[in-house]
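S.K.: this is the structure alone, sequence omitted:
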């Protein structure tokens, strides 16, 4: 059980670099967390940190633990590792510096502590920062929710992700936008040497945790506010700009180009870096046997479908008549399911709550908690989890 006198129940971890326009808004949105039961750990790799130091002087929150290290240009993975090293909570939630978290997350941490649950993943609301699009769009989208809770076998979810080209975390346990027992992260580091054994921290840690966690739940309650800032990978993805030469991406670890797996097109896209990180994590966790579960053809087909201008990279990784035939068949499947998903979104979109004109992440998080607080969903989902133990 948690030692409440010495350690907080929850650490909210935020690695950051050169993005104070988001980070300050993120920290403002977390002002609901006060007292010793929650700590907010910021690991900053920005060279000149005067702006955030001045902000923290006015903030006056004792539970913000700020660490600055600009001694070298850290990759996203390295900076994330430093952040986890600093946290002291029994449970950890990792968010981006353009994200936020509902204040209700603390109730799930206490439930996990009491029932010895290792991991929970949530659904998320989405918040678009003003710099994502020039045109007015829905600022905050809150998907429909339910009290359903599923006890998910992590290894089965890992294999399901692999069968879809290793391009998604699915319902795998994940500290990024999830809630994970700190001891499980330590297990990952003991085996792999890192909390995030891959070039893309989110998918790498999801794969690794799936190999060490047993008691894991998925719930359909929007506890996370998934922020899309203009400079973030998510924001670039919305605008179709999440692509580059590998050696042009500063956030990647040094030497990753030399370690690139031959099955993965050698170009930086969401699909390629996730598959690469999936493979890196399996390697570091001594589970290369699971590499055979990966359906590379779905990854190739999705790249051709979403980024036809990158087709030459795919064709270099998929040579030979038999492989090209498999690719064509996968293209048909991808197109078919893409159409089904569009239809499904049109049908389910009507149940979402959409808001415009929210000028800050704080306003978005406050509105989310206000809406959740007017329903019984938090209490109902907590009871649902407990009934399944």
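M.R.: Ah, there it is. Being a predicted model, the structure only gives us computed values, none of them experimental.

S.K.: wasn't residue 219 part of a helix?
M.R.: No: read with DSSP: H, G, I helix; E, B strand; the rest coil, residue 219 is strand and lies in no helix.

S.K.: show me the contacts for it.
M.R.: When contacts are counted by Cβ atoms under 8 Å, 6 or more residues apart in numbering, residue 219 is found next to 120, 121, 122, 123, 148, 149, 150, 381, 384, 385. In short, each C-beta sits where N, CA and C put it, glycine included.

S.K.: check what pLDDT the nearest residue to it once chain neighbours are set aside gets.
M.R.: Closest residue to residue 219 apart from its sequence neighbours, by Cβ to Cβ, 6 or more residues apart in numbering: residue 149 at 4.9 Å. What the model reports for residue 149 is a pLDDT of 95.

S.K.: could you do residue 36 as well?
M.R.: Looking at residue 36, its pLDDT reads 89.

S.K.: how many residues are close by the nearest residue to it once chain neighbours are set aside?
M.R.: Excluding the flanking residues, the one nearest residue 36 by Cβ to Cβ, 6+ apart is residue 8, at 6.1 Å. When neighbours are defined as other Cβ atoms under 10 Å, residue 8 has 25 of them.

S.K.: and residue 8, what helix or strand is that in?
M.R.: Assigned by DSSP states H and E, residue 8 falls within no helix or strand.

S.K.: let me know whether it touches residue 38 as I believe.
M.R.: Yes: counting by Cβ atoms under 8 Å, residue 8 does reach residue 38; the two are 5.5 Å apart.

S.K.: shared neighbours of these two, anything?
M.R.: The contact sets of residue 8 and residue 38 overlap at 63, 89 (Cβ under 8 Å, 6+ apart).

S.K.: check the gap between residue 193 and residue 75 for me.
M.R.: 15 Å (Cβ to Cβ, to the nearest Å).

S.K.: can you check residue 372 too?
M.R.: As judged by Cβ to Cβ, residue 372 and residue 75 stand 36 Å apart.

S.K.: between residue 193 and residue 75, which one's more packed in?
M.R.: residue 75 (21 against 10).

S.K.: who are the contact partners of the more buried one?
M.R.: Under the criterion of Cβ under 8 Å, 6+ apart, the neighbours of residue 75 are 199, 251, 252, 253, 254.

S.K.: pop out the phi and psi values for the closest residue to the last one other than its chain neighbours.
M.R.: Excluding the flanking residues, the one nearest residue 254 by Cβ to Cβ, 6+ apart is residue 75, at 7.0 Å. Its backbone dihedrals place residue 75 at phi -70, psi 170, with angles given as degrees, to the nearest 10.

S.K.: tell me which stretches of the stretch 151-300 of the chain form helices.
M.R.: Ranges of helices within the stretch 151-300 of the chain are 154-163, 182-192, 201-210, 233-238, 270-284, 296-306, based on DSSP state H, counting those that start in this stretch.

S.K.: average pLDDT across the first one?
M.R.: Helix 154-163 shows an average pLDDT of 97 in the prediction.

S.K.: equivalent analysis for the second one, please.
M.R.: pLDDT averaged over helix 182-192 equals 98, rounded to a whole number.

S.K.: now the third one
M.R.: The average pLDDT for helix 201-210 rounds to 97.

S.K.: quick one: contacts of that helix?
M.R.: Outside helix 201-210, the residues that reach it (Cβ under 8 Å, 6+ apart) are 76-77, 80, 94, 119, 154-155, 157-158, 161, 166, 169, 172-177, 180, 184-185, 188, 191-192, 195-198, 274, 277-278, 280-282, 284-285.

S.K.: just the buried residues of stretch 42-50, please?
M.R.: Within stretch 42-50, the residues that count as buried by 16 or more other Cβ atoms under 10 Å are 42, 43, 44, 45, 46, 49.

S.K.: which pair in the residues you listed spans the largest distance?
M.R.: Largest separation among the buried residues of stretch 42-50 by Cβ to Cβ: 43 and 49, giving 11.6 Å.

S.K.: span of stretch 53-70 from start to end?
M.R.: 14 Å (Cα to Cα, to the nearest Å).

S.K.: mind listing residues that contact that stretch?
M.R.: 8, 20, 24, 27, 31, 33-36, 38-47, 49, 52, 82-83, 86-87.

S.K.: keep only those of those residues that are in helices.
M.R.: 20, 24, 27, 52, 82, 83, 86 (DSSP state H).

S.K.: of those residues, buried ones?
M.R.: 20, 24, 27, 52, 82, 83.

S.K.: so where do the helices sit in the stretch 1-150 of the chain?
M.R.: For the stretch 1-150 of the chain, the helices defined by DSSP H, counting those that start in this stretch occupy 20-29, 50-59, 76-86, 105-115.

S.K.: quick one: mean pLDDT for the last one?
M.R.: Averaged over helix 105-115, pLDDT sits at 98.

S.K.: which strands and helices sit next to that helix?
M.R.: In terms of contacts (3 or more Cβ pairs under 8 Å, 6 or more residues apart in numbering; DSSP states H and E), helix 105-115 is packed against strand 10-16, strand 91-94, strand 119-128, strand 178-181, helix 377-387.

S.K.: give the buried residues for stretch 100-114.
M.R.: Applying 16+ other Cβ under 10 Å to stretch 100-114 flags 100-106, 108-113 as buried.

S.K.: I misspoke; the intended subject was stretch 161-173.
M.R.: Using 16+ other Cβ under 10 Å as the test for burial, stretch 161-173 gives 161, 162, 165, 166, 167, 168, 169, 170, 171, 172, 173.
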